[in-house]
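>>> 3D model of this:
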Amino acid sequence: MHHLRNPLTRRAVSSRRAVIVAAALALVSAATALAEDAPKYIFIFLADGGSAGGMEIARSFNRVVHGEAFTITDKVMRDGSLGLLTTHAADSLTTDSAAAATALAAGCKANIGAVGVCADGHTSKTVMERAREKGMRAALVTTSTVYDASPAAFLSHLSNRKDFESILDQYLRAAPDLILGGGREQFLPAGRPESARKGGKDRLAEFTARGYAYASDKAGLAKASGAKLLGLFTPGEMNFDLDRDVNKEPSLVEMTRAAIRFLGRDDRGFMAFIENENTDSAGHLTDVASMVQAYRDFDRAVALAYEFYVIHRRETLILVTSDHDSGGVGFTLALQDLRPDAKRVAANEEDLKKIASIPISLRKAAALLGPRPTAEAVDRMMHDVFKGFRLAPDLKKMLLAAQPPARNLYTDPVANILGLMVANNTQVYWGSGGHTHQPVFVAALGVGAERFRGYQDNTDFAKHLFSLLGTPNSK
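Next up, the predicted model:
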């Protein structure tokens, strides 16, 4: 070994070793990249209007009221990657679902109201369209109408999110394997019961002519078969879990189970967009009980994907995120009343149990009271529905006048006032009945999950998927 005493020789050997090590590392890196860049099964779970604050209330509710874990936090976030996404639109600091979903699906900032169209007017193939080009199967699952802004942004390109006819035209051309949700009213021709259209084609007939099996209720979904499936379970948006007819209308969990059954039957792989719209609708109504139940249903749907991931760990990517926050909700300290010497009241586990006692949504409660409630109707509802809750005199006065309680609580004055009543009794307060500009969480588990870690723009969500699909620069 005396020859190694020569400094030049030692440097040469060291240099060769460095080259060998570098080459080995490059091979490992290349192999890792090759494996990472090919997720075969992609789940995109969207809690519309969701937030970390709302999800934490639901997680605590699960633990205290039901003694259950929460899959999103306890498995996906714990074992995967966690990041934050901006939410602003191209033309507003506070976004809508159309612009936000376009950022997630197409990788560009959009103006309010546009689906799949970038602010500069160009259209980019969405992550789902690119997955389809690779031969993967595709699914749109939502508790909203199936042509609502969030699902529409993944398979259509329009400057107006309300152009439902054109959205459905583009769905027919894209031909996803599975479409599940609400919205029969835009499929049925004018004059038919439940139709909300003034004319046009029989959309249901068009889809069935293209080979789609059709399910209109829970039983039909359970026994449906065929190459493609269209499920429309309500005329408009699907109901809150508190109001849903469990014998007829499927939950998000049941729709997700059907999607996995349909999509996983062959070896092509798939991309499934799965949305709970009720987290957003509950936020607009400042309805914490409905929000909690929506998160619980959403989390159980994610649990099904996690079970799939455990079996297909090296081929699956699970993404759980939101498009924007609705409501700015959270437990807080509050004054017991407005007297100068009033004590501060802190939330505790009993408040979660109070939330669990609410049997119907605030949407249904507002409908039962009507737009101009009477004092007798209000008293009867407090006795029958909100047992153990107290309605402050100032809120009762607002209810009787159907007066919006604040500039930022306006979506449904009766529901929003009831939401304030619930807040006064549980310390769960809302910052708004609308969308906020706050960033949203993104949790990722599986192939390529680390790309979603950290603070990023919401357009990066799609760009990471473009790269993982192997189509980073295509238009």
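
>>> Per-residue pLDDT of the closest residue in space to residue 135 that isn't next to it in sequence, please?
In space, residue 135 comes closest to residue 268 once its chain neighbours are excluded; the distance is 5.4 Å by CB to CB, 6 or more residues apart in numbering. All C-beta spots, glycine's among them, are computed from the backbone N, C-alpha and C. Looking at residue 268, its pLDDT is 94.

>>> The one 4 residues further on too?
The score at residue 272 is 98. That number is its pLDDT.

>>> So what's the residue count around it?
The number of residues packed near residue 272 is 28, by other CB atoms under 10 Å.

>>> before we move on, back to that, correct me, but the residue nearest to residue 135 touches residue 132?
No. Assessed by CB atoms under 8 Å, residue 268 is found out of contact with residue 132, at 10.2 Å.

>>> Neighbour count for those two, which is higher?
Per other CB under 10 Å, whichever of residue 268 and residue 132 has more neighbours is residue 132, with 19 against 13.

>>> Mind telling me what element that one is part of?
helix 127-133 (DSSP states H and E).

>>> Name the next helix or strand downstream of that helix, please.
Toward the C-terminus, helix 127-133 is succeeded by strand 137-145 as the next helix or strand (DSSP H and E).

>>> From the contact counts, what lies against that following strand?
Applying 3 or more CB pairs under 8 Å, 6 or more residues apart in numbering; DSSP states H and E, one finds that strand 137-145 contacts helix 127-133, helix 149-155, strand 178-182, helix 252-263, strand 270-276.

>>> quick one: the shortest one to chain centroid distance?
Between the centre of strand 178-182 and the centre of its chain there are 14 Å (CA atoms, centre = their mean, to the nearest Å).

>>> And for residue 210, the neighbour number?
11.

>>> Now do the contacts for it.
Residues near residue 210 by CB atoms under 8 Å, 6 or more residues apart in numbering: 172, 175, 228.

>>> Which one of those is nearest to residue 448?
Residue 448 lies nearest to residue 175 out of the contacts of residue 210, by CB to CB, at 26.5 Å.

>>> Look up how far residue 227 lies from that closest one.
10 Å (CB to CB, to the nearest Å).

>>> So for these two, which sits in the more crowded spot?
residue 175 (15 against 11).

>>> so the more buried one sits right up against residue 228, yeah?
Yes. Assessed by CB under 8 Å, residue 175 is found in contact with residue 228 at 7.3 Å.

>>> Low-confidence regions, this structure specifically.
1-37, 473-475 (pLDDT under 70).

>>> Give me the phi and psi angles of residue 342.
Here is the backbone geometry of residue 342 (degrees, to the nearest 10): phi -60, psi 140.

>>> From residue 405, how far off is it?
20 Å.

>>> of these two, who's got more company?
Neighbour comparison, residue 342 and residue 405: the larger count goes to residue 405, with 18 against 11 (by other CB under 10 Å).

>>> which ones are touching the residue nearest to residue 432 when sequence neighbours are not counted?
Nearest non-adjacent residue to residue 432, counting by CB to CB, 6+ apart: residue 408, 4.4 Å away. With contact set as CB under 8 Å, 6+ apart, residue 408 has these partners: 431-434.

>>> Could you identify which of the residues you listed has the most neighbours?
residue 433 (25 neighbours).

>>> and that one, what does it touch?
Per CB under 8 Å, 6+ apart, neighbours of residue 433: 283-286, 327, 408-412, 416, 419.

>>> Which one of those is nearest to residue 242?
residue 285 (11.7 Å).

>>> ok, now which ones touch residue 94?
By CB under 8 Å, 6+ apart, the contact set of residue 94 is 88, 324, 434-437.

>>> Does it lie in a helix or a strand, and which?
Counting by DSSP H and E, residue 94 is found in no helix or strand.

>>> change the start of the numbering to 64 and stick with it
Okay, using 64 as the starting number, the last item reads as residue 157.

>>> just checking, residue 231 touches residue 214?
No. Residue 231 is beyond contact range of residue 214, at 11.5 Å (criterion: CB under 8 Å).

>>> Compare neighbour counts for those two and give me the winner.
It is residue 214, of residue 231 and residue 214, that has more neighbours when counted by other CB under 10 Å, with 33 against 23.

>>> The residue nearest to that one when sequence neighbours are not counted: what's it in contact with?
Sequence neighbours aside, residue 203 is the residue nearest to residue 214 in space, at 4.3 Å (criterion: CB to CB, 6+ apart). Residue 203 makes contacts with 209, 214, 217-218, 239, 241-244, 336, as judged by CB under 8 Å, 6+ apart.

>>> Then residue 335?
105-107, 201-202, 204, 241, 322-323, 326.

>>> Most neighbours out of those, which is it?
residue 106 (29 neighbours).

>>> State whether that residue is indeed within a helix.
No. Counting by DSSP: H, G, I helix; E, B strand; the rest coil, residue 106 is located in no helix; its state is strand.

>>> Isn't it up against residue 381?
Yes. With contacts counted by CB under 8 Å, residue 106 reaches residue 381, the gap being 4.8 Å.

>>> can you list residues touching both of these two?
With CB under 8 Å, 6+ apart, residue 106 and residue 381 have common neighbours 365, 368.

>>> So what's the residue count around residue 339?
31.

>>> Please name the residues that touch it.
With contact set as CB under 8 Å, 6+ apart, residue 339 has these partners: 109-111, 205-206, 315, 357-358, 360-361, 364.

>>> Any idea what it is bridged to?
residue 110 (DSSP bridges).

>>> Let me know the distance separating the residue nearest to residue 214 from residue 107.
10 Å.

>>> what is in contact with those two at once?
Contacts common to residue 203 and residue 107, judged by CB under 8 Å, 6+ apart, are residue 336.

>>> burial measure for the residue nearest to residue 265 when sequence neighbours are not counted, as a count.
Leaving aside its chain neighbours, residue 265 sits nearest to residue 252 (4.6 Å; criterion: CB to CB, 6+ apart). Neighbour count of residue 252, defined by other CB under 10 Å: 14.

>>> dump the residue contacts of the residue lying closest to residue 532 once chain neighbours are set aside.
Using CB to CB, 6+ apart and skipping the chain neighbours, the partner closest in space to residue 532 is residue 193 (5.1 Å). Neighbouring residues of residue 193 by CB under 8 Å, 6+ apart: 528-529, 532, 534, 537.

>>> Could you dump these into CSV and include secondary structure, neighbour count and distance to residue 168?
Formatted as CSV, the contacts of residue 193 follow (DSSP: H, G, I helix; E, B strand; the rest coil; neighbours: other CB atoms under 10 Å; distance: CB to CB, whole Å):
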residue, secondary structure, neighbour count, distance to residue 168
528, helix, 28, 9
529, helix, 20, 11
532, helix, 22, 13
534, coil, 17, 14
537, coil, 12, 14
